[in-house]
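In: Generate a structure from the sequence data that follows.
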Amino acid sequence: MFTFTVPGSSQKFLDKSRSLSADCVIYDLEDSVTPHKKADARALVRRALDQPVPPDIREQAVRINSVESGLALKDLTDVLQSPNLSTIVVPKVNSASDLTFVTDVVSHTLATRPKQQAPQSLSGRPQISLLALIESAKSITNLPQICSSTPFLQGLIFAAEDFALDLSLTRTPSLTEFLFARSAIVTAARAHDLPSTIDLVCTAYKSLTPDGSPPPVLEEESRGGKRLGFNGKQCIHPSQVATVQRVFSPEPEEVEWAVRVMIADAKATAAGRGAWSLDGKMIDVPVVEKAKAIVRKAGACRVDVGAIKSRWKDQQPE
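Out: Numbering: from 1, shown residues only. As a prediction, the model looks like this:
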């Protein structure tokens, strides 16, 4: 998954965002909007949300102002009136109470809307998902309580620049100064079954080559985040999207291996075999579960899994 953040006070960027192909476009009412533009941004974002959802955007989200700012209630009251809003991004989540407040407002607002306007979850009840921005020492300390504070929470986003400011850290190319926080975020999300873990922004986006390709550091950061367990990354420029999407999608070799494992496992199970091998390596339950997760992710990334299954339909367990 990758998210693309759009300044809510810029009509130009709001219009341009509609042509993107993205898992989640976040219309920002917080950091990218100056104080005297907050009301204007709120109106522009609401107008953007009320338009038909672009075909290549899966989720439309709004990053509201923090609960402690005193502006969150007005932000929520306005944007929750749009039936096309699917996600609220909550910044500066320092404790469970921040998400509890947002959940209460969301629940009350959706309960007063006509049923045909309320977004529906898979269970059939109105629901807006929440993403929490983790950007302080307090938030890292309170991760277990934050993750279990509301059933609306679907993921965590690491805000590296604010975290560095809070801890007086200096960001370096290696990102080692963020290793503890990033690992804590992924671990907490997995422990509480949150599906989304979104890694830090790569601040380098201006191309250094004639072909307009993004700086190599973007791919390095993306691969580093994927190795740590993140399943997505924030993008701040359209030039970053293709690289992030490629890195966080399963590699073709990964998908092929996973499909072979699933096909052979079904045959091994039918034969009553608990453990078997493929390409000289033992395959047991954890490996099979990993293969299934890769195949699910590949399907979500629009990989033609059916064609790969057809090609390997005769795979046998060794």
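
In: Only C-alpha atoms from now on, for both contacts and neighbour counts.
Out: Fine.

In: Would you double-check that G155 falls in a helix?
Out: No - under the criterion used here (DSSP: H, G, I helix; E, B strand; the rest coil), G155 is strand, not part of a helix.

In: That one is in contact with L131, isn't it?
Out: Yes - between G155 and L131 there is a contact at 5.0 Å, judged by Cα atoms under 8 Å.

In: Just the element for F4, please.
Out: In this structure, F4 is located in strand 2-7 according to DSSP states H and E.

In: tell me which residues in that strand are buried?
Out: Buried residues in strand 2-7, defined by neighbour count with 16 or more other Cα atoms under 10 Å: F2, T3, F4, T5, V6, P7.

In: Name the surrounding residues that touch that strand.
Out: 13-14, 17, 22-29, 32-33, 198, 232-237, 241, 244-245 (Cα atoms under 8 Å, 6 or more residues apart in numbering).

In: just checking, which of those residues belong to strands?
Out: Among the contacts of strand 2-7, the members falling in strands (DSSP state E) are A22, D23, C24, V25, I26, Y27, D28, I198, G232, K233, Q234, C235.

In: list the contacts for the fifth one?
Out: By Cα under 8 Å, 6+ apart, I26 lies in contact with T3, F4, T5, V6, Q60, A61, V62, R63, V89.

In: do the same with the first one
Out: The contact partners of A22, taken as Cα under 8 Å, 6+ apart, are F2, T3, F4, D56, I57, R58, V241.

In: gap between R296 and N142?
Out: 31 Å (Cα to Cα, to the nearest Å).

In: same deal with A242?
Out: Distance from A242 to N142, by Cα to Cα: 34 Å.

In: Could you do N94 as well?
Out: Distance from N94 to N142, counting by Cα to Cα: 7 Å.

In: Comparing these two, which residue is more hemmed in?
Out: Using other Cα atoms under 10 Å as the criterion, N94 and N142 rank with N94 on top: 24 against 16.

In: Wait, that one touches A132, no?
Out: No - using Cα under 8 Å, N94 is not in contact with A132, being 9.6 Å away.

In: joint contacts of the two?
Out: Joint contacts of N94 and A132 (Cα under 8 Å, 6+ apart) do not exist.

In: what helix or strand is R58 on?
Out: Taking DSSP H and E as the criterion, R58 maps to strand 57-63.

In: And the furthest pair within the contacts of A22?
Out: Pairwise distances among the contacts of A22 were taken by Cα to Cα; the largest, 14.4 Å, belongs to R58 and V241.

In: what residues are up against the residue of the chain positioned farthest from its centre?
Out: In the chain, the residue that sits farthest from the middle, by Cα atoms, centre = their mean, is A271; the gap is 39.8 Å. For A271, the contact set (Cα under 8 Å, 6+ apart) is empty.

In: Helices along the stretch 101-250 of the chain, start to end?
Out: Applying DSSP state H, counting those that start in this stretch to the stretch 101-250 of the chain gives helices spanning 137-141, 143-147, 160-167, 179-191, 216-228, 238-248.

In: buried residues in the second one?
Out: Right, the one you point to is helix 143-147. L143, P144, I146, C147.

In: ok, of those residues, which one's closest to V186?
Out: Closest to V186, out of all of those and judged by Cα to Cα, is L143, at 10.3 Å.

In: Please name the residues that touch the closest one.
Out: Counting by Cα under 8 Å, 6+ apart, L143 makes contact with S95, I185, A188.

In: measure the residue nearest to L153 when sequence neighbours are not counted to A298 for me?
Out: In space, and not counting its chain neighbours, L153 is closest to L130: 4.6 Å by Cα to Cα, 6 or more residues apart in numbering. The gap separating L130 from A298 is 24 Å, by Cα to Cα.

In: For the two, work out which one has more neighbours and name it.
Out: L130 (25 against 20).

In: hey, what's that one bridged with?
Out: I88, L153 (DSSP bridges).

In: That one reaches L85, doesn't it?
Out: No - L130 is beyond contact range of L85, at 11.3 Å (criterion: Cα under 8 Å).

In: still on that earlier bit, can you put the ones in strands among the contacts of strand 2-7 in a markdown table and add pLDDT?
Out: A markdown table is the format used below for these (pLDDT from 0 to 100):
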| residue | pLDDT |
| --- | --- |
| A22 | 74 |
| D23 | 79 |
| C24 | 84 |
| V25 | 88 |
| I26 | 91 |
| Y27 | 93 |
| D28 | 94 |
| I198 | 95 |
| G232 | 91 |
| K233 | 92 |
| Q234 | 91 |
| C235 | 88 |
